[in-house]
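Peer 1: Requesting a structural model of the entry that follows:
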Amino acid sequence: MNVYFSSGFGRAQDAQAKWMGNDEFMGKRLNLSAFLFLGIIFFLIGRAVHNTTLSDTPSDELLKTVFAQRGADLELLLKMSNEDSDVIRIAPDFTWRKNDTSWPRSNSELGFSEERWNQYKELFKRMGIEDSISRDSLKDGCINFIVHSSGLVTGGAEKGFAYCTPEPSPLSESLEVLPKTIETTPFVMYKKLKDHWYLYIEID
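Peer 2: Numbers count the residues shown, from 1 in each chain. The predicted structure is shown next:
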């Protein structure tokens, strides 16, 4: 059966070549080969970017240690963010408000006092949070404390702590190994620390 299929396929190609003309037929085959080659290259580049970006993120074990030692600071950041819920993004160098994500803005438009901002910055240092607090994911029930982000807008990654209600998905025992296939981005994966608290990684 294999021999029959192979020879049948060869005869079909010969017939198609005669019908189209050898030059046109070979041109189409070359175009198809080039298209497939480029597809493979882009796939490999994408995987390489993801793998490189992933290797730049802090390990699960390091973040678990920080959580064990500085969990009270993280709880305080959560409390402060809930009190300042109009501010949907709080970073060491900018803030976003629900109705205004422009930057720079005057101190009176930060969303809280400059003294309050300095308190956030001090807690960020204690927790090792390089990026920000993001309430953007509240639609999914999570507030993200982004410890580290790297890479490009597409092909980038961020990792940190998440406070979620209800339980998010998918859950994993490790955030250091990506699924073999990621069908859609952004892709988010979680690892449970205790009730409502998780490590998370997001791949764009």
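Peer 1: Do a quick rundown of the helices in this protein.
Peer 2: Ranges of helices in the chain, per DSSP state H, are 2-20, 22-55, 60-83, 114-127.
Peer 1: Can you report how many residues lie near C164?
Peer 2: C164 has 20 neighbours, counted by other Cβ atoms under 10 Å. For every residue, glycine as well, the C-beta is placed using N, CA and C.
Peer 1: cool, K121 as well?
Peer 2: Neighbour tally, K121, other Cβ under 10 Å: 15.
Peer 1: and if you look at L178?
Peer 2: Counted with other Cβ under 10 Å, L178 comes out at 18.
Peer 1: Please look at it and I203 and confirm they touch.
Peer 2: Yes: the pair L178 / I203 is scored as a contact, 6.9 Å apart, by Cβ atoms under 8 Å.
Peer 1: how does the protein divide up, domain by domain?
Peer 2: Split into domains by automatic domain parsing, the chain comes to 2-52, 59-203.
Peer 1: Could you export the ones you listed to TSV, including columns for mean pLDDT?
Peer 2: Putting the domains of the chain into TSV (pLDDT from 0 to 100) gives the following:
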stretch	mean pLDDT
domain 2-52	47
domain 59-203	93
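Peer 1: most tightly surrounded among those domains?
Peer 2: Most buried of those by mean neighbour count (mean count of other Cβ atoms under 10 Å) is domain 59-203; its value is a mean of 16.
Peer 1: Now do the end-to-end distance for that domain.
Peer 2: Separation of the first and last residues of domain 59-203 by Cα to Cα, to the nearest Å is 15 Å.
Peer 1: Also stretch 190-200?
Peer 2: By Cα to Cα, one end of stretch 190-200 lies 4 Å from the other end.
Peer 1: what's in contact with it?
Peer 2: With contacts defined as Cβ atoms under 8 Å, 6 or more residues apart in numbering, stretch 190-200 is touched by 60, 63-64, 67, 71, 74, 142, 144, 159-165, 167-175, 188-189.
Peer 1: Now S85. Its backbone dihedrals?
Peer 2: Main-chain torsions, S85, degrees, to the nearest 10: phi -60, psi -20.
Peer 1: Make sure it is actually in contact with R135.
Peer 2: Yes: in terms of Cβ under 8 Å, S85 counts as a neighbour of R135; the distance is 7.0 Å.
Peer 1: My guess is I90 contacts Q119. True?
Peer 2: No: using Cβ under 8 Å, I90 is not in contact with Q119, being 10.7 Å away.
Peer 1: Show me what the residue lying closest to S81 once chain neighbours are set aside bridges to in the sheet.
Peer 2: Residue nearest to S81 in three dimensions, not counting chain neighbours: I133, with 5.3 Å by Cβ to Cβ, 6 or more residues apart in numbering. Taking DSSP bridges as the rule, I133 bridges to I90, F145.
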